[in-house]
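Visitor: how would this look folded up:
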Amino acid sequence: MPTFERLECFTDSIGKLEASINALPTKLKKRIEINVVDNNSSVAVKKKEICNKISESGTKVNFQINETNIGIDRNIAKCCTLNPNARFTWVLGDDDPVEIQTIPKLLEILIRQRHTAGLVILNDGTREINRTTRRTHASFEEYARLVITSDPYYLIAHTLISANVFRTSIFCKEHSDYSNNKMMSRKKLGCNFPHMYGIVSGLLESDRNYTITCTDFKSLDTSNRQPYEKPFGNDIYKLFYFYFMWILIEIGIPHYTIEQQNNLWWLKSEEPPQKKPNRIKQLIKAALGPKGIQIINLIWSSRR
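Guide: Got it, this is the predicted structure:
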């Protein structure tokens, strides 16, 4: 759990996480470890005291404080690789309290799919999951291709850090290739969801296909989440746009590259002019929703 300031949110979130873990039988509780990384906030000592009390009650909690504030993206990436020996990792936001049934239901999936699961996408309860999306897919490519044709927004919706439980080796393998400059999560610092680049690139480059499971039970209570404000604001939709386009490029739908010239974003297609992307523009609008349409139109018009 990466955390910074927000003592009240943190107290609520970790308390509900503990309650959900306590809903497990004792032998299963021992298989779960909570790691909290405070990004050098002014209330770090108080958070540590809370974690110590939880540890004393029987749930294993490790707490550490960064010597300096390393930024939200680096702190998220740090949490993704904090325990490389764990089979699965869930980076849970400090403002995303879980439902009481979340851990038992999630653990049931992870135990059943312990040899095959690469990513479990949780439902944050803010929208109805498309019936086509709500199942287990053989690979990330199969999942992405299906979602693009049935529910494009879903690719954007699960960039929320708390919506993803991933096989740790996928991300750690991706991180071990630093010398070849393939650490996508490190290359994408500043986008507010570097974990997605790390997870997806790890899944796509893996020697085997790991499954993607989309759950249909409400896992998180995001009712108190604040709308995007500065430094992101409308820029978040640009970040979503580039992430969405990156996925399209990675899975080959279609063959585009993105370049930036004179503060404008250009889409270059390897396809003939008559096949240029009216359909892709529609998909991007479907993925980002009405708030992103103005920005997408601005970016798109720069192609002309």
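Visitor: Could you look up the SS state of Arg114?
Guide: Using DSSP: H, G, I helix; E, B strand; the rest coil, the structure places Arg114 in coil.
Visitor: roughly how far apart are it and Thr59?
Guide: With distances taken as C-beta to C-beta, to the nearest Å, Arg114 is found 21 Å from Thr59. For glycine as for every other residue, the C-beta is placed from the backbone atoms N, C-alpha and C.
Visitor: With neighbour numbers in mind, choose between the two.
Guide: Counted by other C-beta atoms under 10 Å, Arg114 and Thr59 do not tie: Thr59 has more neighbours, with 20 against 11.
Visitor: pLDDT wise, what is Ser201 at?
Guide: pLDDT recorded at Ser201 is 87.
Visitor: Look up which helix or strand it falls in, please.
Guide: In the assignment (DSSP states H and E), Ser201 maps to helix 194-205.
Visitor: which parts of that helix are buried?
Guide: Pro194, His195, Met196, Tyr197, Gly198, Ile199, Val200, Ser201, Gly202, Leu203, Leu204 (16 or more other C-beta atoms under 10 Å).
Visitor: you'd agree the first one is up against Ala77?
Guide: This means Pro194. Yes: under the criterion of C-beta atoms under 8 Å, Pro194 makes contact with Ala77 at 5.4 Å.
Visitor: State the distance from Pro152 to Ala144.
Guide: Taken as C-beta to C-beta, the span from Pro152 to Ala144 is 10 Å.
Visitor: got it, and Arg6?
Guide: 33 Å.
Visitor: Looking at those two, which one has more neighbours?
Guide: Ala144 (23 against 16).
Visitor: per-residue pLDDT, the residue nearest to that one when sequence neighbours are not counted?
Guide: With C-beta to C-beta, 6 or more residues apart in numbering as the criterion, Ala144 has its nearest non-adjacent residue at 5.3 Å, and that residue is Ile251. Per-residue pLDDT puts Ile251 at 80.
Visitor: Count the neighbours of Ile251 for me.
Guide: 17.
Visitor: go on, Ile170?
Guide: 25.
Visitor: tell me the contacts of it?
Guide: Residues near Ile170 by C-beta atoms under 8 Å, 6 or more residues apart in numbering: Gly118, Leu119, Ile199, Gly202, Leu203, Ser206, Tyr210.
Visitor: Pretty sure it sits in a strand.
Guide: No: counting by three-state DSSP, Ile170 falls outside a strand, being helix.
Visitor: need the helix or strand of the protein with the lowest average pLDDT.
Guide: Using mean pLDDT, DSSP states H and E, the weakest-scoring helix or strand in the chain turns out to be strand 264-269, at a mean of 45.
Visitor: The protein: strands as residue ranges?
Guide: 2-3, 34-38, 61-65, 88-90, 117-123, 136-137, 164-167, 211-218, 256-261, 264-269 (DSSP state E).
Visitor: what pLDDT does Lys46 get?
Guide: With respect to pLDDT, Lys46 has a value of 96.
Visitor: Can you pull the poorly scored residue ranges out of the stretch 151-300 of the chain?
Guide: The model of the stretch 151-300 of the chain has pLDDT under 70 over residues 173-189, 222-235, 253-300.
Visitor: in the stretch 1-150 of the chain, which ranges drop under the pLDDT threshold?
Guide: Those would be 124-134, if you go by pLDDT under 70 across the stretch 1-150 of the chain.
Visitor: Please enumerate the helices of it.
Guide: In the stretch 1-150 of the chain, the helices defined using DSSP state H, counting those that start in this stretch lie at 7-21, 26-29, 44-56, 72-80, 102-112, 140-150.
Visitor: re the thing from before, with respect to Phe140, which of the buried residues of helix 194-205 is nearest?
Guide: Lowest distance from Phe140 to these (C-beta to C-beta) belongs to Leu203, with 4.2 Å.
Visitor: and that closest one, what does it touch?
Guide: Going by C-beta under 8 Å, 6+ apart, Leu203 touches Gly118, Leu119, Ser139, Phe140, Ile170, Tyr210, Ile212.
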